[in-house]
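> sequence first, then the predicted structure:
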Amino acid sequence: MSNVIGIDLGTTHSLCAVFRESGPVLIPNSHGGYLTPSVVGMLESGEIVVGSAAKELRVTHPERTASCFKRYMGSDRKIQVGPKTFQPYELSSLVLKSLVADAENFLGEEVTEAVITVPAYFHDHQRQATKIAGELAGLRVRRIINEPTAAALVYGFHARDQERQLCVIDLGGGTFDVTVMEVFEGTLEIRSTAGESMLGGEDFTDRIVSAVLHHEKLQLEIAELKQPLRVARLRVECEQAKRKLTAEEVVRIRLPDLDGSIPENPKEFRVDRQTFARLSETLMKRISTPIDRALRDASLSPGEIDDVLLVGGATRMPVLQDYVRSYFGKPAIMEHNPDEVVALGAAIQAALIENDAAVNDLVMTDVCPFTLGVEIAKEFGGQTTAGYFYPILHRNSTIPISREEVFYTVSPNQKQVEVRVYQGDARKIVDNIALGSLSVKDIAPGPVGQPIHIRFTYDLNGLLEVEAYSAGGKKHRTVLTNHVHGLNEDQIRDAVERLQALKIYPRENLEYQKLARFCERMLGEINRDERKQLDRALDYFEEAMASCDKEECERAERVVRTVLEELGIEYFENDDE
């Protein structure tokens, strides 16, 4: 059995799983659920909370929380959480630490290795940032695996004898991927992948938020700056409305006051499925483009796809399911919980790495989702012009892959060549993504046209190594992803020390903190008399938590839960509900 855990590090939620004799098993968190919100918060005490407690804190104290930071992985963006500033990979490492603590509690042993999933369309900088986040969390990252591939592994694990052409549509909280693959005789062969790393369920929620604010003659971007508490509460209302629309035709959204509270007789904004579909039109157009591209690259038509698998919580939206049914001419399959299937697949990948006997007849191939190449110069009318892109590895090439091309110097006695590496399909580098560079020095003197050999090697983790050398010269190599926006070993060491200095709120008391923050949020949604009753109970509860007396905390918790029940306020134990 594999002791390597599988982790789905998501934009809105994260979870983990482990492979056991019967197959992959989900690991519960401290609240007894499987989904841990990818939210990090800082209490007034300076302690860090992760997950449900931080999600509740986000409503009442948005300035002390961070969410959706997965979208900024691989960038040099700074994110403020209370008085401290974090990099996206540091915040992700805190989420990973929380998941590791859950896994160790569940397994009863130390966890040091993991397979972590990423969107198929994550570029090299984002993948390396994910790997670094794992290392900061104390993990040896055995493999970075694409999310749609992980989901397909679950399908392949349970249907090994089938021969099917599959299309996996993965719409998570912040990213969108499409992967086309063939399943035959226990083999999963990825044929193509496409997607967008800045498109997900959060964008659909934002469309509802924007519509409500527009009705109030406000713009989302301005309201977030000037009315943060109101927008934070409204976002919760709109997220709940979006979820309700999966089962209901019409929902009503309560409009919060400036302080984020819900008045006794609030204004309401009505949204039905047709309105939501209209608000989502431009987003659906962005969804159609990667689907078209993935099928075209796989040389398949929609009618040649046998099964469409839906992955990611946002695929529950009727607007998405209706679109898939119309596009492929058949309803999609959702045999497994779309929120959980990626983590289960990561656990299967962990079993494959560990050569677990339960998966010894399962084989998987994956592809490089991008075209990768270098900048070259072209000659026009006797003049040399730089800035053109030359592909070395083409998108959807099966990995691992290594390929070498020969280029030539453009000046006599040229001593050095700067190899600039890009990702994309545009003819000119200005329209592609710069990944990094390396220098080839000590080129032997000679006329124009001295050969320079450049080799690209793309591994199973989706990390790119570039090697370059001149004839008879020294080889120069770099793993470009080690240079994510200047991230070096010293910076990683500093990040480790900075994170170790943080005080993490005790895991065993997280449920108390979540309940307290939930009550704090509810104070803004009930009338004056009810507020007094709940406020008294909350004061008692927080005093008990400060005393660190376990029995007193348990008594206070019972009091708070009783008051919530008397007031008819439903409290969900975990984010799965």
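Right, received. Where do you want to start? Numbering: from 1, shown residues only.
> could I get the full set of helices for the stretch 1-150 of the chain?
52-60, 88-107, 124-136, 147-158 (DSSP state H, counting those that start in this stretch).
> got the CA coordinates for the first one in PDB?
So the one you mean is helix 52-60. Only the C-alpha atoms of helix 52-60 are listed here, as PDB (Å, rounded to 0.1, in the frame of the first residue of the first chain):
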ATOM      1  CA  SER A  52     -13.400  26.800   7.400                       C
ATOM      2  CA  ALA A  53     -12.400  29.100  10.300                       C
ATOM      3  CA  ALA A  54     -10.600  31.400   7.900                       C
ATOM      4  CA  LYS A  55     -13.500  31.300   5.500                       C
ATOM      5  CA  GLU A  56     -15.800  32.500   8.200                       C
ATOM      6  CA  LEU A  57     -13.300  35.200   9.200                       C
ATOM      7  CA  ARG A  58     -13.200  36.400   5.600                       C
ATOM      8  CA  VAL A  59     -16.800  37.600   5.900                       C
ATOM      9  CA  THR A  60     -16.300  39.800   9.000                       C
END
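> is it possible to get CSV of the helices of the stretch 1-150 of the chain that adds mean pLDDT and distance to residue 113?
In short, each C-beta sits where N, CA and C put it, glycine included. Shown next, in CSV, are the helices of the stretch 1-150 of the chain (pLDDT from 0 to 100; distance: least, CB to CB, whole Å):
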stretch, mean pLDDT, distance to residue 113
helix 52-60, 93, 26
helix 88-107, 96, 10
helix 124-136, 91, 9
helix 147-158, 85, 16
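> so which of those helices is nearest residue 187?
Proximity to residue 187 (CB to CB) singles out helix 147-158 among those, at 8.0 Å.
> closest to residue 17 out of the helices of the stretch 1-150 of the chain?
helix 88-107 (9.0 Å).
> reformat the helices of the stretch 1-150 of the chain as a markdown table; add distance to residue 532 and mean neighbour count.
Below are the helices of the stretch 1-150 of the chain laid out as a markdown table (distance: least, CB to CB, whole Å; neighbours: other CB atoms under 10 Å):
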| stretch | distance to residue 532 | mean neighbour count |
| --- | --- | --- |
| helix 52-60 | 18 | 25 |
| helix 88-107 | 35 | 23 |
| helix 124-136 | 44 | 24 |
| helix 147-158 | 47 | 26 |
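> surely residue 512 touches residue 554?
No - assessed by CB atoms under 8 Å, residue 512 is found out of contact with residue 554, at 9.4 Å.
> more neighbours: which of those two?
When neighbours are counted by other CB atoms under 10 Å, residue 512 and residue 554 differ, and residue 512 comes out ahead with 21 against 12.
> residue contacts, the more buried one?
Counting by CB atoms under 8 Å, 6 or more residues apart in numbering, residue 512 touches 541, 545, 553, 557.
> count the neighbours of the last one for me.
Right, the one you point to is residue 557. 19.
> residue 549 now?
Around residue 549 there are 13 residues (other CB under 10 Å).
> what of residue 3?
Count around residue 3 with other CB under 10 Å applied: 15.
> same deal with residue 559?
Around residue 559 there are 16 residues (other CB under 10 Å).
> leaving out the residues flanking it, which one is nearest to it?
Leaving aside its chain neighbours, residue 559 sits nearest to residue 537 (5.3 Å; criterion: CB to CB, 6 or more residues apart in numbering).
> got a pLDDT number for that neighbour?
Among the per-residue scores, residue 537 holds a pLDDT of 91.
> how many neighbouring residues does residue 217 have?
With other CB under 10 Å as criterion, residue 217 counts 6.
> ugh, wrong one, residue 250
With other CB under 10 Å as criterion, residue 250 counts 13.
> pretty sure it is touching residue 271, no?
Yes - Residue 250 is within contact range of residue 271, at 7.3 Å (criterion: CB under 8 Å).
> for the contacts of residue 512, which one is nearest residue 33?
So of the contacts of residue 512, ranked by how close each gets to residue 33 (CB to CB), first place is residue 557, at 17.9 Å.
> what about the closest one, is that helix, strand or coil?
helix (DSSP: H, G, I helix; E, B strand; the rest coil).
> wait, isn't it in contact with residue 542?
No - checked against CB under 8 Å, the pair residue 557 and residue 542 is beyond contact range at 11.3 Å.
> could you point out which element follows the helix or strand of the chain with the lowest mean pLDDT?
Sorting the helices and strands of the chain by mean pLDDT, DSSP states H and E puts strand 476-479 at the bottom, at a mean of 65. Next helix or strand after strand 476-479 toward the C-terminus (DSSP states H and E): helix 489-500.
> give me the angle between that following helix and helix 124-136.
50 degrees (axes from the mean of the first three to the mean of the last three CA atoms, to 10 degrees).
> pull the residues that contact helix 489-500.
In contact with helix 489-500 (CB under 8 Å, 6+ apart) are residues 87, 89-90, 93-94, 132, 135-136.
> can you pull the buried residues of it?
Buried residues in helix 489-500, defined by neighbour count with 16 or more other CB atoms under 10 Å: 495, 499.
> quick one: mean pLDDT over that helix.
75.
> relative to helix 88-107, how tilted is it?
Using the same axes, to 10 degrees: helix 489-500 against helix 88-107 is 50 degrees.
> so how far is the helix or strand just after helix 489-500 from its chain's centroid?
As assigned by DSSP H and E, the chain's next helix or strand after helix 489-500 is helix 510-522. Distance, stretch centre to chain centre, for helix 510-522: 26 Å (CA atoms, centre = their mean, to the nearest Å).
> what's the most distant pair in the contacts of residue 512?
The widest separation within the contacts of residue 512 (CB to CB) is 9.2 Å, between 545 and 557.
> of the contacts of residue 512, which is the most crowded?
Busiest of these [other CB under 10 Å] is residue 541, holding 24 neighbours.
> once you drop chain neighbours, what's closest to that residue?
Residue 541's closest residue in space is residue 556 (CB to CB, 6+ apart), at 4.3 Å.
> now swap in residue 37 and tell me
Nearest to residue 37 is residue 55, by CB to CB, 6+ apart, at 4.2 Å.
> how near is that neighbour to residue 31?
To residue 31, residue 55 is 11 Å away according to CB to CB, to the nearest Å.
> understood, closing this out.
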